[in-house]
Structures are given as C-alpha cells and as structure tokens.
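Participant: Structure for the following, please:
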Amino acid sequence: MRYYGNEELRWSFSHKIYKATHCRGFEPLSKMMKKILIVDDEVPIRNLLRQILEAKGYACILAASAAEARECLKQQNFELVLCDILMPGELGLDFIREVLTKHRDTATIMVTAIDDPLVAEAALQMGVYGYVTKPIERNEIIINVSNALRRRELEIANRAYREDLELMAADRTSFLIRLETMFEQLHSPQVAKELIKKIDDWDQPNRIREKVEMTILFADIRGFSTMVSALKLEDIMAFLDEFYGAMTKTVFNNEGSIDKFIGDEVMAFFGAPIALKNCSENGVKTAIEMAASFQQLREKFSNDSPHFENLGIGIGVNTGEVFIGNVGSKTRYDFTVIGIAVNLARRLCSYAGPDQILTTEETISKIPGMVSSEFVENISLKGIPKPVNLHKITPY
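Facilitator: Residues are numbered from 1 along each chain as shown. Below is the predicted model:
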C-alpha cells in the first residue's frame with residue numbers, strides 16, 4: 001500500500017530565501033534549486049534517491065543518521081527532508097518530529113520498509129507529507145516529492161496570510177480582499193463570500209467554529225499505485241491535473257467545498273458555511289457526477305495508454321453532525337471538518353469497489369426517491385462505534 005500527502009491548491013506567493021552555507025563538504029547551492037536532505041543509513045538507498053531526484057533538477061544532500069542530518073540542518077535550510085524510520089541510534093520518527101517543530105518551512109516524507117497502515121497514519125497525522133514504502137519506485141518518489149513541495153508552498157502562503165491577520169487590523173478592507181483570494185482556492189465563490197462575511201462579523205476572525213449537520217464525501221482512485229509504476233511521470237501528472245480539476249468543478253457546481261487533496265484522494269463537504277436545503281442531495285448528486293466525470297476522463301486517457309483502462313473510482317458519502325472551523329495552533333491551522341461522520345465517510349470510500357458509490361442509511365433517508373439504491377450489508381468498520389447499514393447508489 002502507498003500513502004500520499006498532497007494539497008493541489010495553487011496561488012502565487014513570496015517567502016524569504018535563505019542563504020545556503022556549507023554542509024559536510026557540500027558547496028552552497030543555487031537559490032533557485034530546491035534542496036532536499038536524504039536521511040537513510042543504507043548507502044544504496046541514499047544514492048538511489050539522490051540519482052532519481054537530481055535527474056529532476058533537485059539538489060540533494062545525504063546524511064547517514066539523524067545526528068548527521070541535524071548538523072546539516074544547523075548549517076542550511078532545506079525545502080524537504082526524506083527520512084527512513086528505522087536507523088541505528090535515533091528513530092526517524094523522533095527526528096522528523098523535531099524537524100516539524102523547529103523547521104516549520106521544511107516539508108517531510110518518510111521512506112521506509114515498514115508497510116504498516118497504522119504507522120503510516122500516525123506519521124501523516126504527525127504532519128509528515130508523504131509515506132513511501134520500499135522498494136523504491138522512481139515515479140512514486142517523484143510524485144510524492146512534487147506533491148510535498150506543492151503543499152509546502154501552500155502552507156507557507158497560508159501562514160503568511162495568518163501573520164498578516166494580526167498586522168492588518170488598521171486596513172481591514174485590504175486584508176479581506178486578500179483573504180477572499182485565498183478562500184476562492186478552497187471553496188466555490190458563494191462559499192468564499194460567506195466565509196469572508198463571517199470573518200468580518202467575528203470578534204476573533206481566526207476562530208470560526210461551529211457544530212452543524214453536513215454531508216461529507218471522499219473519493220479515491222482505484223488502481224492508481226499499480227499505474228504509477230507502469231507509466232511516465234509526465235503522463236501521470238497530466239492525468240492527476242485533469243482529475244483534480246474535474247473533481248473540484250463538480251464539487252463547486254453543487255455548492256460544496258474542497259477540504260483537501262491527499263495524493264489521489266479527494267475530500268469535500270456540503271452544508272456549511274452556507275446552509276443548504278438538503279446537503280445530502282448535494283453530496284449524493286456530486287458523487288454521481290464525479291463517477292460520470294471520472295469515466296470520461298478514463299476513456300480520454302485510455303486512448304493514449306491502456307493502463308488507464310484499469311483505473312476506477314471509489315466514493316463514500318455520509319451525513320451527520322460534525323465540527324467545522326479553523327483548527328490547529330497559532331502557527332499552523334486548517335479550515336476543516338472533524339467528527340465520527342467524517343471518519344465514517346472515509347471508511348465507506350475505502351470499502352467501496354471500483355466505480356462504486358457507498359453511503360449510509362442516514363443519508364438515504366434524507367433523499368427519498370432521488371436515486372436508486374440497494375442495501376449491501378450491515379458491517380462493523382474500524383473506528384466507528386456501531387455497525388453500519390451500507391447502501392450502494394446506482395447512478396442515473
């Protein structure tokens with residue numbers, strides 16, 4: 001199993017470029033070159049990662065241990081750290097936890113032989129941008145690195161806006177215009193305007209929080225990991241770009257918001273900050289349209305390569321009470337949704353087969369006659385307190 005971390009949201013930003021200095025015999029590098037610190041106790045792995053990444057124009061510095069990597073970080077800044085978990089002496093997870101605390105402008109990816117979903121989930125929750133298991137595959141490494149650097153840029157831009165929040169009290173109108181530009185990357189125009197209105201009315205604009213019934217949707221590409229190892233990186237990225245674009249358009253057209261992209265997974269929500277007459281209808285309609293859009297996308301790219309024919313999309317939709325708002329610390333937060341209803345939607349997505357839409361009895365009960373559905377089974381899902389009645393939705 002492969003794990004990805006990714007935010008496919010882009011806008012221009014500026015941030016300070018630090019002057020590079022020597023690190024263990026390496027000369028200072030070009031300002032424009034993305035610097036990556038590779039930490040692994042195995043010489044062949046270090047050299048292979050450097051060979052792959054330097055061929056894509058990245059500048060790589062190698063370290064055989066956490067202690068050696070720490071010395072490099074003292075001497076210069078890196079855009080990204082690739083780190084093994086099991087190394088002699090200090091564990092990679094402990095070192096990465098320190099990097100996340102002390103070097104917040106540095107992205108991190110774990111590259112390890114431990115293929116354990118629980119370890120991967122713990123690493124991602126800690127703040128790691130990606131989790132890649134050995135043996136190393138060239139395309140997978142390049143995609144993870146590209147996505148991590150993209151997400152890093154997004155978070156630096158987000159942090160700049162948050163810091164501006166405190167500095168621009170004297171010029172609130174200018175600040176709100178800039179903030180609206182940022183929100184429009186995440187939400188449909190009407191949702192972005194509603195968020196701006198709430199911020200303008202709120203005593204503490206960095207604390208927008210409420211509990212509300214919403215519909216949560218997760219969609220995930222089936223067969224993606226197999227395809228990654230079989231195709232050129234350029235073809236994969238071209239497909240992902242169109243996939244992200246099509247999914248975002250479908251969500252926005254149905255008055256929803258994109259919470260995040262994680263590799264080949266999409267998370268969206270419906271019902272806030274703009275209240276909908278029936279958020280379940282919007283969520284289910286989006287799922288059906290996503291399935292149709294994905295089929296068209298698959299047919300288009302299959303004309304160039306038969307590998308795309310084996311792709312599918314699994315979708316999970318659930319309705320329930322969730323917490324929505326800004327969560328995090330003073331230096332890092334997200335506008336997101338949290339709750340058991342969110343976890344259940346993710347589990348439904350994971351359980352769904354290729355080109356299958358799964359939902360719950362709760363959601364079906366709120367859209368009588370809207371779609372054709374079929375009871376699948378009563379099942380206990382990990383992390384969900386009670387068994388769930390699964391229903392399969394049949395597209396139009």
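Participant: So what would you say the end-to-end distance of stretch 98-109 is?
Facilitator: End-to-end distance for stretch 98-109, by CA to CA, to the nearest Å: 14 Å.
Participant: What residues of that stretch count as buried?
Facilitator: 99, 100, 106, 107, 108, 109 (16 or more other CB atoms under 10 Å). The way it works is simple: take the backbone N, C-alpha and C, and place the C-beta from them, glycine included.
Participant: now stretch 64-78
Facilitator: For stretch 64-78, a neighbour-count test (16+ other CB under 10 Å) marks 64, 65, 66, 68, 69, 70, 72, 73, 76, 77, 78 as buried.
Participant: for the stretch 101-250 of the chain, what spans make up the helices?
Facilitator: Remark: helices assigned in the stretch 101-250 of the chain by DSSP state H, counting those that start in this stretch are 117-126, 138-167, 172-186, 189-201, 224-228, 233-253.
Participant: returning to what we had before: taking the buried residues of stretch 98-109 together, which two end up most distant?
Facilitator: Farthest pair in the buried residues of stretch 98-109 (CB to CB) is 100 and 109. Separation: 12.0 Å.
Participant: overlap in contacts of the two?
Facilitator: Here residue 100 and residue 109 share the contacting residues residue 128, scored by CB atoms under 8 Å, 6 or more residues apart in numbering.
Participant: So, low pLDDT: which residues of the stretch 201-350 of the chain?
Facilitator: When residues are selected by pLDDT under 70, those of the stretch 201-350 of the chain lie in 201-209, 326-335.
Participant: Do I have it right that residue 89 meets residue 65?
Facilitator: Yes. Applying CB atoms under 8 Å as the test, residue 89 and residue 65 come out as touching, 5.8 Å apart.
Participant: domains for this protein, by residue range?
Facilitator: Using automatic domain parsing, the domain parsing of the chain gives 35-152, 168-205, 206-394.
Participant: could you dump the ones you listed to TSV with distance to residue 161?
Facilitator: Output for the domains of the chain, formatted as TSV (distance: least, CB to CB, whole Å):
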stretch	distance to residue 161
domain 35-152	15
domain 168-205	6
domain 206-394	10
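Participant: closest one to residue 159 among these?
Facilitator: Closest approach to residue 159 among those is made by domain 206-394 (6.9 Å; CB to CB).
Participant: Relative to the whole chain's centre, how far out is the closest one?
Facilitator: 13 Å (CA atoms, centre = their mean, to the nearest Å).
Participant: Distance check, residue 232 against residue 146.
Facilitator: Relative to residue 146, residue 232 is positioned 14 Å away (CB to CB, to the nearest Å).
Participant: Between these two, point out the one with more neighbours.
Facilitator: Between residue 232 and residue 146, counted using other CB atoms under 10 Å, the more crowded position is residue 146 (17 against 10).
Participant: Report the contact partners of the more buried one.
Facilitator: Contacts for residue 146 (CB under 8 Å, 6+ apart) come out as residue 237.
Participant: Which pLDDT does the model give it?
Facilitator: Note on residue 146: pLDDT of 90.
Participant: what's the answer for the one 4 residues further on, then?
Facilitator: pLDDT for residue 150: 85.
Participant: Tally up the residues packed near it, please.
Facilitator: Number of residues near residue 150 (other CB under 10 Å) recorded here: 18.
Participant: Report the beta-bridge partners for residue 210.
Facilitator: residue 324 (DSSP bridges).
Participant: any idea how far it lies from residue 114?
Facilitator: Separation of residue 210 from residue 114 (CB to CB): 39 Å.
Participant: do residue 73 as well
Facilitator: Remark: distance between residue 73 and residue 114 (CB to CB) = 24 Å.
Participant: what ranges do the helices span in the stretch 251-396 of the chain?
Facilitator: According to DSSP H, counting those that start in this stretch, the stretch 251-396 of the chain carries its helices in the segments 279-302, 340-351, 361-365.
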